[in-house]
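Enquirer: no sequence on hand, only this structure:
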């Protein structure tokens, strides 16, 4: 079972993750693209990375905007280092 991070640990980690926000036991970010195809391509790349990490985000898409929410189910749907690591990997996809 993963260990939830403290609010301070999350805040510190998010300093290096531009645009990610903390709230309600998760970290979130929305991404905007030129069109639906770019947004969908991004979702696919995120999905491949998430599968590699065996850690799967909540993804939502409307036209050119993608919303991502990260929390760890086996930590009581709280933020863990797994979420921070996946957020960093997602940033690398851009």
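Expert: That came in fine, so what should we check first? All figures in this text were calculated on a predicted structure; none of them were measured in a lab. Numbering: from 1, shown residues only.
Enquirer: quick one: the lengthiest helix in the chain to chain centroid distance?
Expert: Longest helix in the chain by number of residues (criterion: DSSP state H): helix 36-53. Averaging C-alpha coordinates over helix 36-53 and over its chain gives two centres that are 11 Å apart (Cα atoms, centre = their mean, to the nearest Å).
Enquirer: can you list contacts of that helix?
Expert: 31, 33, 56-57, 59, 61, 63-66, 68, 82, 85-86, 89-90, 93-94 (Cβ atoms under 8 Å, 6 or more residues apart in numbering). C-beta coordinates here come from the backbone N, C-alpha and C atoms, glycine included.
Enquirer: could you rerun that using 10 Å?
Expert: 31-33, 35, 55-57, 59-66, 68, 70, 82, 85-86, 89-90, 92-94 (Cβ atoms under 10 Å, 6 or more residues apart in numbering).
Enquirer: buried residues in it, which are they?
Expert: Residues of helix 36-53 classed as buried under the neighbour-count rule (16 or more other Cβ atoms under 10 Å) are 39, 42-43, 46, 49-50.
Enquirer: pull up the pairing partners for the very next helix or strand once past that helix, direction included.
Expert: Next in sequence after helix 36-53, counting helices and strands by DSSP states H and E, comes strand 58-62. In the sheet, strand 58-62 lines up against strand 65-70 (antiparallel) (DSSP bridges).
Enquirer: which parts of the partner strand are buried?
Expert: Within strand 65-70, the residues scored as buried using 16+ other Cβ under 10 Å are 66, 68-70.
Enquirer: out of the residues you listed, which comes closest to residue 1?
Expert: Nearest to residue 1 among the buried residues of strand 65-70: residue 70, at 16.9 Å, using Cβ to Cβ.
Enquirer: still on that earlier bit, of the contacts of helix 36-53, buried ones?
Expert: Buried, going by 16+ other Cβ under 10 Å: 31, 33, 55, 57, 61, 66, 68, 70, 82, 86, 89-90, out of the contacts of helix 36-53.
Enquirer: which residues are contacting stretch 5-22?
Expert: Counting by Cβ under 10 Å, 6+ apart, 4, 23, 26-31, 68, 70, 72, 75, 78-85, 87-88, 90-91 sit against stretch 5-22.
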